[in-house]
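K.L.:
The following block contains a protein sequence and its predicted model.
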Amino acid sequence: MYELNLPSFEIRLGGTREKPEIFDFLRRRFVKLTPEEWVRQHFVHWLVEHKGYPKGLLGNEIELQVGEKKLRCDSILYDNDTRPQMIIEYKAPTVALSQKVFDQISAYNLLLHVDYLTISNGLQHYCCKMSYEQKRYEFLEDIPDYEKI
């Protein structure tokens, strides 16, 4: 797999050579190992192990529904009252973090109205804090530690 701009962790692989899998410690099961999943597992481990995010407040592959259309958020951070607080969108390391990615995560936010939007391709990571009162957002220099959210 790809070398990322994220610390390594104790990676658990399974499946077969033709259909490799990686253990998702949030979903508590093995999932198909794709480049995007490689990024997701590194990123959520980094959030929990290095940024202090509570594992129990994070969810992977969260389904949203708009009418009959189903959308799927890559990861969501909830607050203690189970309100969505941050949406996280992952892309493979070979995918540029373009306006299209921001448009995608913004569409999810029309439903969830979170405080933070975060995107990562494992090499670059961006986080912006929403200000709904001022109708703007601010890009942060780094992904905030959980205690600062």
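P.N.:
Noted; the coordinates are in hand.
K.L.:
so residue 15 touches residue 33, yeah?
P.N.:
Yes: contact between residue 15 and residue 33 holds when scored by CB atoms under 8 Å: they sit 7.0 Å apart. Glycine gets a C-beta too; all of them are placed from N, C-alpha and C.
K.L.:
give me the low-pLDDT residue ranges for the chain?
P.N.:
For the chain, applying pLDDT under 70 flags no range at all.
K.L.:
Where is the longest helix in it?
P.N.:
Counting by DSSP state H, the longest helix found in the chain is helix 35-51.
K.L.:
count of neighbours near residue 114?
P.N.:
Neighbour count of residue 114, defined by other CB atoms under 10 Å: 23.
K.L.:
wait, residue 6
P.N.:
By other CB under 10 Å, 19 other residues sit near residue 6.
K.L.:
For it, give its distance to residue 83.
P.N.:
According to CB to CB, to the nearest Å, residue 6 and residue 83 sit 27 Å apart.
K.L.:
cool, residue 70 as well?
P.N.:
Going from residue 70 to residue 83 by CB to CB gives 21 Å.
K.L.:
roughly how far apart are the residue positioned nearest the centre of the chain and residue 127?
P.N.:
Central residue of the chain (CA atoms, centre = their mean): residue 88, 3.0 Å from the mean position. Using CB to CB, residue 88 is found at 9 Å from residue 127.
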